[in-house]
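Colleague: Everything below, folded, please.
(one chain, ligands or ions: 2)
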Amino acid sequence: MHHHSALAGSTPANSTTIDHLNDQGAIAPSISIRHLDHFFGKGALRKQVLFDISLDIDSGKIIIMTGPSGSGKTTLLTLIGGLRSVQSGSLKFLGQELCGASAQKLTWVRRQAGYIFQAHNLHGSLTAQQNVAMGLEVHSEYSGSEMQQLAAAALEHVGLQDRIHYHPKDLSGGQKQRVAIARALVSRPKLVLADEPTAALDSTSGREVVNLMQQLAKEQGCTILLVTHDNRILDVADRIIHMEDGALVQNTKQKTIDLSNH
Ligand SMILES: Nc1ncnc2c1ncn2[C@@H]1O[C@H](COP(=O)(O)OP(=O)(O)OP(=O)(O)O)[C@@H](O)[C@H]1O
Ligand SMILES: [Mg+2]
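Modeller: Ligands and ions are numbered 1, 2, ... in the order given. Sure, this is the predicted structure:
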């Protein structure tokens, strides 16, 4: 597999495995965080935004993270996805320590993850199919025509088979979000990080988008970490965690069942 070779030489021999097996042979969590702190700024402006975060996220689960604006949700998401360097504490992704990790290892992490952000970052000059194919560009093993084929299949999966040649400006908000989901999932990532994927959508499209993520997670066995302020979608979670002032205040292991509006 290409990610093994990407790491070769950058890690000690005894830590090159990315298998989910720990010493006991049990399934290890796909993400394991211990005493993680994070700071922004330098000198007098240095400000701590994450405080002593410890969290395990199991493979194949959907975890929803809630919390007030500015509480640190996006910061944590970007650290987990290798988009920012881990400064302090431990953050292991598929067994790989990201604190002090090389640029090469962070690139490897980014290739294992699919990202869905609120402002879906579609390229306006590209069609839906070309946008989705961008999700495969880090995987050099595919030819151009294979990427286009996989992109078309991914769009069919999200119900957009008749829109593959449309540009973003000719798609609705929900359709654009579905293109972003197809782009995040086309490479079959181990982890999907979604930052308020339904924020711009009405409740019906929001519901469709999360149902789709749930279905694809089941089919592809990937872990989904989803930040939302949208109480209407909490029922898709296997687990809900809550962030406040840079700390995890609640670590609910079981699914919330009491949802009045469903
Ligand atoms: N690049 C940055 N430089 C300095 N401070 C930052 C930076 N990014 C975020 N912050 C600060 O870190 C804190 C956490 O921000 P973060 O974006 O993680 O919050 P959030 O929980 O995602 O909020 P929201 O719900 O509004 O998206 C905030 O106080 C924010 O001002
Ligand atoms: Mg945020």
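
Colleague: So what touches stretch 55-63?
Modeller: Residues from elsewhere that reach stretch 55-63 (Cβ atoms under 8 Å, 6 or more residues apart in numbering): 20, 27, 29-33, 190, 213-214, 217, 221-226, 236-241, 248, 251. Backbone N, C-alpha and C define where each C-beta goes, glycine included.

Colleague: Within range of ligand 1, give me the residues from the stretch 1-150 of the chain.
Modeller: Phe40, Gly41, Val49, Gly67, Ser69, Gly70, Ser71, Gly72, Lys73, Thr74, Thr75 (Cβ under 6 Å from any ligand atom).

Colleague: Which residue comes closest to the fourth one once chain neighbours are left out?
Modeller: On the basis of Cβ to Cβ, 6 or more residues apart in numbering, the spatially nearest residue to Gly67 that is not a chain neighbour turns out to be Met243, at 3.4 Å.

Colleague: Can you report how many residues neighbour the one you found?
Modeller: The number of residues packed near Met243 is 22, by other Cβ atoms under 10 Å.

Colleague: what does the one 3 residues further on give?
Modeller: Gly246: 21 surrounding residues under other Cβ under 10 Å.

Colleague: can you check Asp162 too?
Modeller: Neighbours around Asp162, by other Cβ under 10 Å: 9.

Colleague: next one: Ser143
Modeller: The local packing of Ser143 (other Cβ under 10 Å) involves 9 other residues.

Colleague: separation between it and Gln130?
Modeller: According to Cβ to Cβ, to the nearest Å, Ser143 stands 15 Å off from Gln130.

Colleague: What segments of the chain are helices?
Modeller: Secondary structure of the chain by DSSP state H: the helices cover 2-7, 73-80, 103-112, 128-134, 144-157, 173-185, 203-220.

Colleague: looking at these, which has the lowest confidence?
Modeller: Mean pLDDT values for the helices of the chain show the minimum at helix 2-7, a mean of 40.

Colleague: could you flag which of the contacts of stretch 55-63 are buried?
Modeller: Buried by 16 or more other Cβ atoms under 10 Å: 29-33, 190, 213-214, 217, 222-226, 236-241, 248, out of these.

Colleague: In strands only, show me the residues you listed.
Modeller: Within the buried ones among the contacts of stretch 55-63, residues falling in strands by DSSP state E are Ile31, Ser32, Ile33, Thr223, Ile224, Leu225, Leu226, Arg239, Ile240, Ile241, Leu248.

Colleague: Tell me the bridge partners for the nearest residue to Arg239 once chain neighbours are set aside.
Modeller: Excluding its sequence neighbours, the residue lying closest to Arg239 (Cβ to Cβ, 6+ apart) is Ile63, at 5.0 Å. Using DSSP bridges, the beta-bridge partners of Ile63 come out as Leu225, Arg239.

Colleague: Can you get me a residue count around Ile63?
Modeller: For Ile63, the neighbour count with other Cβ under 10 Å is 19.

Colleague: Same check on Ser102?
Modeller: Neighbour count for Ser102, taken as other Cβ under 10 Å: 11.
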